[in-house]
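J.: How does the following fold in three dimensions:
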Amino acid sequence: MRNICILASFGFFLMTTVHAQTVPEIQFDSAANFLKLPKDLYLGEVAGVAVNSKNHLFVLSRGNTTGPAYGAAAAQLLEFDATGAFIREIGHNLYAWSYAHAVRIDSEDNIWVADKGSDVVVRFDPEGRVTRVFGRKAEAADESAHPLAHPHPPLPPMDGMFRQVTDMAWDSDGNVYISDGYINSRVAKYDKDGNWVTSWGEPGSGPGQFSTLHAIVSDHHNEIYVADRGNARIQVFNTSGALQRTLKIDVPFPPDAPVALGNRPSEAGGTGFLAGGTMHPGSPWAMCITPGPTQYLYVADAYPGRIYKLTLDGKVLGWLGGSGKVMKKFGWIHELSCPSENEVYVAELLNWRVQKLQLHPK
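T.: Below you'll find the predicted structure:
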């Protein structure tokens with residue numbers, strides 16, 4: 001196993017290679033039938049999962065479809081208590097709902113949602129009221145209304161506007177960091193009052209460049225971790241956007257490891273949606289950081305469909321899972337939530353479910 005770190009210092013980058021011991025498999029259990037949905041309420045592709053200070057669970061599902069995914073609604077936000085009992089739906093018929101991508105909870109239990117289809121990030125207070133909106137949804141009345149185009153190179157980004165936004169994080173001062181992920185390929189920063197501050201990043205594979213920013217998290221040191229999925233790496237920045245280091249996950253796996261969907265990816269990836277590093281082993285689809293005092297980073301890939309436990313400097317401590325349909329296997333993990341070191345919630349696209357995992361590391 002090899003971990004590669006790029007350290008930014010005084011305008012230059014230092015490349016170091018660290019060789020580690022064999023990475024152990026982490027034993028774990030998954031709670032069967034954890035979520036208790038009401039009659040006639042169903043999950044679609046589960047794009048997001050988050051936990052608040054009361055251990056309530058927030059599930060963002062691509063359910064509630066009333067038309068094309070890019071046009072009407074493929075997003076629904078549901079709240080459950082700590083036992084998995086259903087509490088309420090938040091934002092029923094919300095204008096922002098189009099194509100669900102991520103849900104996060106901040107330090108004040110505000111509920112944040114990134115909607116990839118409407119290009120909007122919405123903040124709800126704990127009571128479920130909309131208290132802040134970032135970005136703007138395209139007007140359906142426009143004569144040229146259609147799904148977002150993907151020209152190469154992409155059109156220049158515009159301050160305050162997103163194009164297929166993916167996730168959000170915060171620092172200790174309440175500044176907001178939004179991964180403007182599929183097209184604009186940048187991190188957008190707002191202050192605690194919601195004012196635009198700056199952005200950094202552009203399409204590419206060099207230091208500080210991105211190919212699909214798919215998730216973003218922060219640690220107690222106010223370092224910002226960006227899942228650069230298409231480049232199969234995690235880039236770590238300070239709050240000013242200066243690159244601190246780059247993490248890569250390189251853990252052996254069986255050559256015949258099951259594939260969740262599609263043909264077995266090659267080392268270079270597939271074609272179309274699966275092109276580039278998206279399906280590369282260790283390519284980060286989802287991330288979460290534990291609250292501490294010692295913090296750990298959990299990262300999920302789509303192939304071979306594992307979850308990895310890392311130190312914040314990138315050492316892989318263990319792995320668990322793999323692709324599959326049964327419990328304790330995963331189908332394209334899209335978001336992780338880790339309220340403690342050994343409790344992890346998993347949102348799956350292909351299996352239309354949330355799994356609650358209890359880890360038993362040696």
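J.: in the stretch 201-350 of the chain, which spans are strands?
T.: 213-218, 224-228, 233-237, 243-247, 286-289, 297-300, 306-310, 316-321, 333-340, 343-348 (DSSP state E, counting those that start in this stretch).
J.: Show me what the third one pairs with in its sheet, parallel or antiparallel.
T.: Note on strand 233-237: by DSSP bridges, its sheet partners are strand 224-228 (antiparallel), strand 243-247 (antiparallel).
J.: mean confidence score for it?
T.: The average pLDDT for strand 233-237 rounds to 98.
J.: Report the angle between it and strand 306-310.
T.: 40 degrees (axes from the mean of the first three to the mean of the last three CA atoms, to 10 degrees).
J.: Residue 327 is in contact with residue 32, correct?
T.: Yes - using CB atoms under 8 Å, residue 32 is in contact with residue 327, at 6.1 Å. Placement of C-beta: from N, CA and C, glycine included.
J.: So which of the two has more stuff around it?
T.: residue 327 (15 against 9; other CB atoms under 10 Å).
J.: The nearest residue to that one once chain neighbours are set aside and residue 358, how far apart?
T.: Closest residue in space to residue 327, ignoring its immediate chain neighbours: residue 30 at 4.7 Å, by CB to CB, 6 or more residues apart in numbering. Shown here: residue 30 relative to residue 358, a distance of 8 Å by CB to CB, to the nearest Å.
J.: Who has more neighbours out of those two?
T.: Counted by other CB under 10 Å, residue 30 and residue 358 do not tie: residue 30 has more neighbours, with 17 against 13.
J.: Across the sheet, point out what pairs with that one.
T.: Assigned bridge partners for residue 30, using DSSP bridges, are residue 357.
J.: Same question for residue 59.
T.: residue 49, residue 78.
J.: That one: neighbour count?
T.: Neighbours of residue 59 using other CB under 10 Å come to 26.
J.: and if you look at residue 223?
T.: 17.
J.: Return the residues in contact with it.
T.: 236-238, 244, 312 (CB atoms under 8 Å, 6 or more residues apart in numbering).
J.: Only whichever of those are buried, select them in PyMOL.
T.: To isolate the buried members of the contacts of residue 223 in PyMOL, using 16 or more other CB atoms under 10 Å:
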select buried, resi 236+237+244+312
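J.: At the geometric centre of the protein, which residue sits there?
T.: residue 215 (3.3 Å; CA atoms, centre = their mean).
J.: just checking, that one touches residue 285?
T.: Yes - taking contacts as CB under 8 Å, residue 215 lies within contact range of residue 285: 7.2 Å.
J.: surely residue 171 meets residue 238?
T.: No - counting by CB under 8 Å, residue 171 does not reach residue 238; the two are 9.6 Å apart.
J.: Could I have the CA atoms of stretch 76-91 written out in CSV?
T.: C-alpha atoms of stretch 76-91 as CSV (Å, rounded to 0.1, in the frame of the first residue of the first chain):
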residue,chain,number,x,y,z
GLN,A,76,-37.1,14.4,-0.9
LEU,A,77,-35.7,15.2,2.6
LEU,A,78,-36.9,13.0,5.4
GLU,A,79,-36.1,13.1,9.2
PHE,A,80,-36.0,10.0,11.5
ASP,A,81,-35.3,9.8,15.2
ALA,A,82,-32.4,7.9,16.8
THR,A,83,-34.3,4.6,16.7
GLY,A,84,-35.1,5.0,13.0
ALA,A,85,-38.7,6.0,13.5
PHE,A,86,-40.0,8.5,10.9
ILE,A,87,-40.6,12.0,12.1
ARG,A,88,-41.4,14.3,9.1
GLU,A,89,-40.7,15.4,5.6
ILE,A,90,-38.9,18.7,5.4
GLY,A,91,-39.4,21.0,2.4
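J.: Quick check: mean pLDDT of that stretch?
T.: In this model, stretch 76-91 has a mean pLDDT of 97.
J.: Pull out the buried residues from it.
T.: Using 16+ other CB under 10 Å as the test for burial, stretch 76-91 gives 76-80, 86, 90-91.
J.: Output those in CSV; the columns should cover distance to residue 23.
T.: Listed next are these as CSV, based on distance: CB to CB, whole Å:
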residue, distance to residue 23
76, 37
77, 36
78, 35
79, 36
80, 33
86, 38
90, 39
91, 40
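J.: on that earlier part again, what's the closest of the contacts of residue 223 to residue 280?
T.: Proximity of those to residue 280 (CB to CB) peaks at residue 236, which lies at 19.0 Å.
J.: where in the chain is pLDDT low?
T.: Where the chain drops to pLDDT under 70, the residues are 1-21, 65-72, 144-148, 150, 266-276.
J.: most tightly surrounded among the strands paired with strand 233-237?
T.: strand 224-228 (a mean of 28; mean count of other CB atoms under 10 Å).
J.: Give me the buried positions along stretch 126-136.
T.: Applying 16+ other CB under 10 Å to stretch 126-136 flags 134-135 as buried.
J.: contacts for that stretch?
T.: Against stretch 126-136 from outside (CB under 8 Å, 6+ apart): 52, 88, 90-91, 94, 96, 108-111, 118-125, 160-162, 165, 176, 178, 190, 194.
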